[in-house]
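*Asks:* kindly generate the corresponding structure for this input.
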Amino acid sequence: LMTMAAKARRQAATEAMAFSSDGKVPTSEAVSDDERSDVSREGEIGKRPLNQTNASAMPVLLAEHGVLPWVGTLVWPLLLTLPLVLSNPLSFTSYREVFPSSWYEYDPSVDKPKPLGLTLGILAVAVGQVFVLSFFFLYRNRYLTCGVEPTPVQARGARPYDFAEGLQTHLSQPEGFVLLAAYLSITWMCDLMPRSYYSFEGSIQWMNLFACLVIQDGIQYAMHMLEHNLSPTIYQKSHKPHHRFTNPRMFDAFNGSLADTILMILIPLYSTANIVRSCNVWTYMAFGSVYANWLTMIHSEYALPWDVVFRRLGLGTPGDHHVHHKVFKYNFGHLFMWFDMLGGTYRRPEKFAPKLFNVGT
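*Replies:* Residues are numbered from 1 along each chain as shown. Predicted coordinates:
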């Protein structure tokens with residue numbers, strides 16, 4: 001019975017993969033020539049016509065993988081490992097027990113910023129990356145899906161690549177973590193952050209953390225729209241290098257240009273810090289880890305176990321972000337789709353273009 005039900009679901013998914021009555025994308029939503037040339041450059045599965053489907057090659061729906069992939073949801077609390085462990089006053093791992101007081105006590109009237117907060121902030125992001133990339137290695141290599149390939153976001157399938165190569169590319173991009181670390185170092189050590197950010201008192205301020213994520217994504221949404229629409233020259237010099245990935249993989253998250261990172265990440269980051277001015281160091285640390293790692297995960301080439309829940313809440317998923325990489329003019333948000341919904345630029349992948357995106361993504 002379970003086998004028959006699975007076949008019926010796959011057959012229904014196959015029948016659902018249609019654009020409009022004439023089988024074509026409406027002109028206003030068509031795939032651009034730039035995208036087709038980008039596909040060729042990427043070496044994607046371009047030999048098969050775009051509108052060709054094959055029932056025998058239908059991916060197994062995410063819901064059919066069982067409960068094991070949901071182990072991956074542990075990634076989310078693990079992103080906060082470092083600030084939670086060090087800020088707990090009742091634990092032997094409390095920062096007061098681990099570090100000398102001279103390393104964290106800060107009087108802005110007489111002291112210069114101390115590097116401990118900066119170091120821990122960068123380490124928090126790194127720890128989060130270890131958990132995210134470990135989960136993705138197990139997920140991509142089918143250890144969490146009983147030997148079955150996870151559901152690719154795009155109907156073309158996931159781009160084949162060597163995991164070690166992808167990891168090296170991801171970590172070594174100068175416009176990625178290198179530039180982010182430089183930004184954090186300069187703004188921290190040059191005393192450019194609000195005073196409260198240097199305080200080790202308390203623990204994670206959850207409302208401030210939420211506010212930082214929403215405001216950051218709102219400003220990033222606006223900057224993203226401007227990069228696309230303000231000037232063709234600005235777009236070509238800044239954001240277009242990132243858009244060569246029309247079928248992105250997780251490791252493409254920070255692969256673009258220096259100008260793009262400055263305009264769409266660093267300016268929103270500094271603006272957010274000066275809007276939410278009451279964060280302590282633990283909140284800033286948690287924000288950095290959640291933001292950087294969530295931004296990485298929405299570039300995944302596979303649908304993730306929690307996507308169905310995130311979609312209902314309007315939170316960003318790989319499927320949502322692939323729409324933007326594939327068609328360019330929709331889904332400008334990253335962590336939250338709320339701004340696209342308000343601005344009329346949101347498109348749900350499997351409903352907008354069911355021949356481009358797999359059912360269940």
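*Asks:* can we go C-alpha only for contacts and neighbour counts from here?
*Replies:* Fine.
*Asks:* R348 and L313: what is the separation?
*Replies:* 13 Å (C-alpha to C-alpha, to the nearest Å).
*Asks:* flag the shaky bits of the chain, pLDDT-wise.
*Replies:* For the chain, applying pLDDT under 70 flags the ranges 1-66, 360-361.
*Asks:* ok so, going back, who has more neighbours, R348 and L313?
*Replies:* Counted by other C-alpha atoms under 10 Å, R348 and L313 do not tie: R348 has more neighbours, with 17 against 12.
*Asks:* grab the nearest non-local neighbour of the more buried one.
*Replies:* Nearest in space to R348, with sequence neighbours left out and distances taken as C-alpha to C-alpha, 6 or more residues apart in numbering, is D320 at 6.5 Å.
*Asks:* and what of A211?
*Replies:* Nearest to A211 is V276, by C-alpha to C-alpha, 6+ apart, at 7.3 Å.
*Asks:* ditto for P83
*Replies:* Setting aside the residues directly before and after it, P83 is nearest to W282 in space (C-alpha to C-alpha, 6+ apart), at 5.4 Å.
*Asks:* what's the helix or strand for the one you found?
*Replies:* Here W282 is covered by helix 281-297, with elements defined by DSSP states H and E.
*Asks:* mind giving me the packing neighbours of that helix?
*Replies:* With contacts defined as 3 or more C-alpha pairs under 8 Å, 6 or more residues apart in numbering; DSSP states H and E, helix 281-297 has these neighbours: helix 81-87, helix 115-140, helix 206-229.
*Asks:* sorry, back to before: quick check, the residue nearest to P83 in contact with W206.
*Replies:* No: counting by C-alpha atoms under 8 Å, W282 stays clear of W206, with 10.2 Å between them.
*Asks:* more neighbours: these two, which one.
*Replies:* W282 (29 against 13).
*Asks:* tell me how far the more buried one lies from K329.
*Replies:* Counting by C-alpha to C-alpha, the gap from W282 to K329 is 36 Å.
*Asks:* now do L179
*Replies:* From L179 to K329 the distance is 27 Å (C-alpha to C-alpha).
*Asks:* one more: R96?
*Replies:* Look at R96 and K329: by C-alpha to C-alpha, they are 50 Å apart.
*Asks:* just S91 next, same as before
*Replies:* As judged by C-alpha to C-alpha, S91 and K329 stand 49 Å apart.
*Asks:* just want to know which of those two has more residues nearby.
*Replies:* Neighbours were tallied for S91 and for K329 using other C-alpha under 10 Å; the higher tally belongs to K329 (17 against 12).
*Asks:* which helix or which strand is home to the more buried one?
*Replies:* Per DSSP H and E, there is no helix or strand for K329.
*Asks:* residues touching it, list them.
*Replies:* For K329, the contact set (C-alpha atoms under 8 Å, 6 or more residues apart in numbering) comprises T345.
*Asks:* got the phi/psi numbers for it?
*Replies:* phi -110, psi 10 (degrees, to the nearest 10).
*Asks:* give me the distance between it and T81.
*Replies:* Distance of K329 to T81, given as C-alpha to C-alpha: 37 Å.
*Asks:* try A303
*Replies:* Per C-alpha to C-alpha, A303 is found 25 Å from T81.
*Asks:* so these two - more neighbours on which side?
*Replies:* Applying other C-alpha under 10 Å to A303 and T81 shows that A303 carries more neighbours, namely 24 against 18.
*Asks:* how close does the more buried one get to T296?
*Replies:* For A303, the distance to T296 - C-alpha to C-alpha - is 13 Å.
*Asks:* and for F210?
*Replies:* With C-alpha to C-alpha as the criterion, F210 and T296 are 18 Å apart.
*Asks:* contacting residues around the residue nearest the centre of the chain?
*Replies:* Taking C-alpha atoms, centre = their mean, the centroid of the chain lies closest to L295, which sits 2.2 Å from it. By C-alpha under 8 Å, 6+ apart, L295 lies in contact with A253, H334, L335.
*Asks:* columns secondary structure and neighbour count on top of those residues, output as JSON lines?
*Replies:* Shown next, in JSON lines, are the contacts of L295 (DSSP: H, G, I helix; E, B strand; the rest coil; neighbours: other C-alpha atoms under 10 Å):
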{"residue": "A253", "secondary structure": "coil", "neighbour count": "21"}
{"residue": "H334", "secondary structure": "coil", "neighbour count": "27"}
{"residue": "L335", "secondary structure": "coil", "neighbour count": "26"}
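*Asks:* between those residues, which sits nearest M193?
*Replies:* Closest approach to M193 among those (C-alpha to C-alpha): L335, at 23.5 Å.
*Asks:* check which element follows the helix or strand hosting Y235 along the chain.
*Replies:* In this structure, Y235 sits in helix 232-237 according to DSSP H and E. Next in sequence after helix 232-237, counting helices and strands by DSSP H and E, comes helix 258-261.
*Asks:* who touches whichever helix or strand comes after that following helix?
*Replies:* Using DSSP H and E, the helix or strand that follows helix 258-261 in sequence is helix 267-275. Outside helix 267-275, the residues within contact range by C-alpha under 8 Å, 6+ apart are M193, P194, C212, I215, Q216, D217, I219, Q220.
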